[in-house]
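Trainee: Structure of the sequence below:
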Amino acid sequence: MKKGFFIKNLDKETYRIIKAIAARRGVPVYRVINEALSLYANLYDSLAAETEEESNSRVYESLLGDPRYTGKWVVISRGRLIAVAETWEEAVRYMRDFVKRERPACGIVVRVGEEVERVEILGSSLEML
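Mentor: Below is the predicted model of the structure:
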């Protein structure tokens, strides 16, 4: 006899949809659930990393043209504005504090509205802050 798992708090409407899909395909429900979980597990890491970087960029782009931020240093991570600073040093201090608390995968420290002449990609150096 095979052992199974019990899933608590499974959404009834979602289960009904999965059950209907399984019936249309002529396969057991567990097979559809296994396929869905496998797909989610395989895609999660790559989608999450892209999503954080893209959301950080979208936050920065939303600040462009806003006079409250023009010429200021901003700290962006996890898809949100973390801090606004007058100097590079102050912005780096905000980023260091945030990294210690939250351990983000990536972040942006940039002066809003200033044309970037040189881009420095720090990679995993957030861990060193």
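
Trainee: Tell me the buried residues in stretch 44-63?
Mentor: Residues of stretch 44-63 classed as buried by neighbour count (16 or more other C-beta atoms under 10 Å): 52, 56, 59-60, 63. Any C-beta I mention is one placed from the backbone N, CA and C, and that applies to glycine too.

Trainee: again, but for stretch 17-34
Mentor: Taking 16+ other C-beta under 10 Å as the basis for neighbour counts, the residues of stretch 17-34 that come out buried are 18, 22, 32-33.

Trainee: what's the answer for stretch 91-101, then?
Mentor: 91, 94-95, 98-99.

Trainee: Quick one: residues contacting the residue positioned nearest the centre of the chain.
Mentor: Among the residues of the chain, E52 comes closest to the average C-alpha position under C-alpha atoms, centre = their mean, at 3.1 Å. Shown here is E52, whose contacts under the criterion C-beta atoms under 8 Å, 6 or more residues apart in numbering are 78-79, 104-106.

Trainee: Strands of this structure, residue ranges please.
Mentor: Taking DSSP state E, the strands of the chain run over residues 73-77, 80-85, 107-111.
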